[in-house]
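# Sequence and predicted structure below; questions after.
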Amino acid sequence: MRIGVLSLQGAFTEHIAMLRGLGVEGTEVRLPGQLKELDGLIIPGGESTAIGKLAVSYGLLEPLRQMGRKGWPIWGTCAGMIMLASDIGGDQPLLGLMDISVQRNAFGRQVDSFEMDLSVPALASIEPESQLVAFRAVFIRAPLIQRVGSGVEILARLDDDAIVAAREGNLLATAFHPELGSDVRFHKYFLAMVRER
Ligand code: GLN
């Protein structure tokens, strides 16, 4: 299995390291020609405006959109989640593949960055014995999911009900950074989505 990691800007090396730890080759992707022969793609956290602009100048936006529409697995973390959203209430280049509305920088300055224990029942499909173990999630100037369409499965919420992880078929979105930390269950969950396909 070969997983691409969009490497225009942001935390791509951390994703590649985590994939390597799971025995999976992660390939840096910067050009459309590199998408061939990949089984899925991770869009990392970083700055979504920068990632979007670079994706436009490298000619990546349309090929990625088409592949995502055809069922190719894509996982967006933080800024990557913003790239997947169909609506962010503003104007910047997006893939727009997922039926979710996202608010960028949804947490005030005071809490620019924080960690939170999340209950993620879907991770039990990966490691049933870890079902009761919370996922320690790292949020960095994080976005929130404000609305999900009817085809979207909510995977995790904060205590105040704000949605921070969701799946729509071949598309996975997390507002936080599972590549920072040591819990590999979200990476395993995505790899299972890739294998299912
Ligand atoms: N605040 C960033 C944005 O709007 C996302 C932050 C992140 O990816 N850690 O793109």
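Okay, I see it.
# who does the longest helix along the chain touch, helix- and strand-wise?
For the chain, the longest helix by residue count, based on DSSP state H, is helix 185-196. The elements that helix 185-196 packs onto, with contact taken as 3 or more CB pairs under 8 Å, 6 or more residues apart in numbering; DSSP states H and E, are helix 12-21, strand 40-43, strand 171-174. Using the backbone N, CA and C atoms, a C-beta is placed for each residue, glycine as well.
# wait, does the last one make contact with the ligand?
No: in this structure, strand 171-174 remains apart from the ligand according to CB under 6 Å from any ligand atom; the gap is never smaller than 10.4 Å.
# what pLDDT, on average, does that strand get?
Summarised as a single mean, pLDDT over strand 171-174 is 98.
# in its sheet, what does it sit against?
strand 74-77 (parallel), strand 163-168 (antiparallel) (DSSP bridges).
# ok, back up a step: now do the longest helix of the chain and strand 163-168, the angle between them.
10 degrees (axes from the mean of the first three to the mean of the last three CA atoms, to 10 degrees).
# Rounded mean pLDDT for helix 185-196, please.
Averaged across helix 185-196, pLDDT comes to 97.
# can you pull the contacts of residue 69?
residue 97 (CB atoms under 8 Å, 6 or more residues apart in numbering).
# Just the pLDDT at it, thanks.
At residue 69, pLDDT is 98.
# Pick the most buried one from the strands paired with strand 171-174.
Stretch with highest mean neighbour count among the strands paired with strand 171-174: strand 74-77 (a mean of 28; mean count of other CB atoms under 10 Å).
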